[in-house]
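Asker: Generate a structure from the sequence data that follows.
(one chain, ligands or ions: 2)
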Amino acid sequence: MASFEVIGGNKLKGDIHPQGAKNEALQILCAVLLTAEPVTVSNIPDIRDVNKLIELLADLGVKVTRNAPDTYTFQADDINLEYLKTDSYVAQGRAIRGSVMIMGPLLARFGTCMLPKPGGDKIGRRRMDTHFIGLQKLGATFTYDSQDSFFHIEAPNKLKGTYMLLDEASVTGTANIVMGAVLAEGITTIYNAACEPYLQQLCKMLCRMGAKITGVGSNLLTIEGVEKLGGTEHRMLPDMIEIGSFMGLAAMTGSEITIKNAQIPELGIIPDTFRSLGVKMEFQGDDIYLPAQDHYEIDTYIDGSILTIADQIWPGFTPDLISVALVTATQAKGTVLIHQKMFESRLFFVDKLIDMGAQIILCDPHRATVIGQNRQIPLRGISMTSPDIRAGVALLIAALSAEGRSIIDNVEQIDRGYQYIDKRLNAIGADIRRL
Ligand SMILES: CC(=O)N[C@H]1[C@@H](OP(=O)(O)OP(=O)(O)OC[C@H]2O[C@@H](n3ccc(=O)[nH]c3=O)[C@H](O)[C@@H]2O)O[C@H](CO)[C@@H](O)[C@@H]1O
Ligand SMILES: C=C(OP(=O)(O)O)C(=O)O
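Answerer: Numbers count the residues shown, from 1 in each chain. Ligands and ions are numbered 1, 2, ... in the order given. This is a model prediction of the structure:
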C-alpha cells in the first residue's frame, strides 16, 4: 500500500495540463471490440484503471500497439472468448468498474459474454439492473449466479432493435446498451439515456465507425443498427473531473493556476458550481486562469437562504466532484449544504476533514452541512486513509492546504484516476512525497 507524505501550506503557481478523461477512456477502449479493423485512440491517461482495462483487452486477444505514451492502436480481429473462462479474467473484471462495458460489444459481435461483478469504488450500492434489462430488451438472456457473483449473458440470435425507457440514466448502462444496439437488427430508441460527455464522445466515435445514432447529447437516442463497423481514430477529451479538482485545489491553497486546454464548452455546469463557492476564474481562450485568492465566499440563493450543491445526472453537477466541492467549502466564507444523492457511502470521509479541524455536520449518509472557516482556522495535517478515488483527492487537497504534515495511505485509490498527480503538483510548488 503506497502513501503520500504531504507538507501543507505551499501556494502553487503555474500551468497544469489536464489528463485525458478516465471515464471516457473506459467506454472508448471497450468500443474497440466492436470492429475487426484498427482503432487508434489518443490522449489516453496513464492511470491504473485504464491500464488494467488495456491489459484485459490484450489478454482477450486484442492486438495492442503503443504508438506514443498516450496513443495506442487496438485491433480486435482475433478475439479469444475462451479467455472469459479463466481466473485471470475474473480477477481483472473484479478490479475495475470499466470492465462491465465489454458486455455490450461482445454480445453484439459474438452473441455471448460472461462477467464477474465489476469492481470500482465502494461508495454504496452500484446495481447493474439497467445494463441487463436494456440488453434483455434487445433480445439477450442472462443468468446471475449469486454464489460467485457471476453474470452469463447470451444472444444466440442477432440482437433486435426496440424501444426502451431506462429505469435510471445509468452512465455505463447506457454505454453498454448503445454498444449492443449499434450492431442490432433494426431501430433502437433509448429514452432516459445518460448523456455525459463520455457518452457523447462514445456515440461520436461509433458514428465515425459507421454507426447511425441520432440524439447525441440528449436523453433520447435513436440507433439504426448496421451490419458492421470499421476502424477510426479518436481523441479523448480532457478529464472534466480532474479540471474541477484543480479548481477546488486552487481556491483551498490560495494558488494561482492556469488549467491549459480545458475544452471549456464540454465542462457543463462545473465552472459555475465552483464559482458559486466563491472560486474566481477567467476563461482565456481555452485555458482557465484561477487567480490566487486570499478569501472566497459561498453564494446564497436570491432570497438569502443557504446554497445547496447536489449531484444530478448530466447536465447537472457530476457526483464525482461532490467530495471536491465539499472540501473546497471548508475554507470559504459562508455555509453550504452538500447533497450527494446518487451514492450512499461517499460522504463518510468527512470524519477525516473534521479531525483536521473542518466544521462539518454530517446530517445523514447523503447530506453534510459545511460551515466555511474563511481561513481563520486553517486545517491541520493528520494521518488518514483514502477511502475512494474522489474522497482521496479531496483529502489530498485538504492536506495541501493544511498546516503541517499529513500522511495519506492507500493512494492507489487516487492513482486509479489521477495521472502522476504527485509529480504534476510538485512541478507547480506542492510538497508531496510518495512513500
Ligand atoms: C466508470 C464510470 O464511468 N463510472 C462513473 C459512472 O458509474 P456507473 O455507470 O456505475 O454509475 P450509474 O450511472 O449506473 O449510477 C450511479 C449511481 O447513481 C444512481 N442513479 C443513477 C442515475 C439516476 O438517474 N439516478 C440514480 O440514483 C445509481 O443507482 C447508482 O447508485 O457514473 C457514475 C455517475 O455519474 C460516476 O460516479 C462514475 O464515476
Ligand atoms: C466512481 C468513480 O469511478 P468508478 O466508477 O470507476 O468506481 C469515479 O471515477 O469517481
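
Asker: Give the closest residue to the residue in the stretch 251-400 of the chain that ligand 2 sits nearest to in space, chain neighbours not counted.
Answerer: The minimum distance from the stretch 251-400 of the chain to ligand 2, using CB to the nearest ligand atom, falls at Asp320 (3.8 Å). Any C-beta I mention is one placed from the backbone N, CA and C, and that applies to glycine too. Using CB to CB, 6 or more residues apart in numbering and skipping the chain neighbours, the partner closest in space to Asp320 is Ile241 (4.7 Å).

Asker: For Glu227, give its distance to ligand 1.
Answerer: 29 Å (CB to the nearest ligand atom, to the nearest Å).

Asker: these two touch, right, the residue nearest to Asp320 and Tyr418?
Answerer: No: assessed by CB atoms under 8 Å, Ile241 is found out of contact with Tyr418, at 9.0 Å.

Asker: Neighbour count for those two, which is higher?
Answerer: Higher neighbour count among Ile241 and Tyr418: Tyr418, with 26 against 21, using other CB atoms under 10 Å.

Asker: Assumed the more buried one was part of a helix.
Answerer: No: secondary structure assignment (DSSP: H, G, I helix; E, B strand; the rest coil) places Tyr418 in coil, not in a helix.

Asker: any idea which helix or strand carries the residue of the chain found nearest ligand 2?
Answerer: Relative to ligand 2, the nearest point of the chain is Gly120 (2.8 Å; CB to the nearest ligand atom). Secondary structure assigned from DSSP states H and E places Gly120 in neither a helix nor a strand.

Asker: per-residue confidence for Arg125?
Answerer: Looking at Arg125, its pLDDT reads 86.

Asker: For it, which non-adjacent residue is closest in space?
Answerer: Leaving aside its sequence neighbours, Arg125 is closest to Glu344 (6.9 Å, by CB to CB, 6+ apart).

Asker: and the gap between the one you found and ligand 1?
Answerer: 8 Å.

Asker: what sits against that residue?
Answerer: The contact partners of Glu344, taken as CB atoms under 8 Å, 6 or more residues apart in numbering, are 123-125, 365-366.

Asker: which one of those has the most neighbours?
Answerer: Busiest of the contacts of Glu344 [other CB under 10 Å] is Ile123, holding 22 neighbours.

Asker: Go ahead and confirm it touches Arg346.
Answerer: Yes: with contact defined as CB under 8 Å, Ile123 reaches Arg346; the gap is 4.5 Å.

Asker: Give the residues shared as contacts by these two.
Answerer: With CB under 8 Å, 6+ apart, Ile123 and Arg346 have common neighbours Asp388.

Asker: Write out the residues of this protein neighbouring ligand 2.
Answerer: Within the chain, the positions lying close to ligand 2 (CB under 6 Å from any ligand atom) are 22-23, 49, 97, 120-121, 320, 389-390, 417.

Asker: Near ligand 1, list only the ones from the residues you listed.
Answerer: 23, 97, 320.

Asker: where exactly do the helices run in the stretch 1-150 of the chain?
Answerer: 22-31, 48-59, 87-95, 103-110, 129-137 (DSSP state H, counting those that start in this stretch).

Asker: could these go into TSV alongside mean neighbour count and mean pLDDT?
Answerer: Converted to TSV, the helices of the stretch 1-150 of the chain look like this (neighbours: other CB atoms under 10 Å; pLDDT from 0 to 100):
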stretch	mean neighbour count	mean pLDDT
helix 22-31	26	98
helix 48-59	19	96
helix 87-95	16	93
helix 103-110	25	97
helix 129-137	21	96
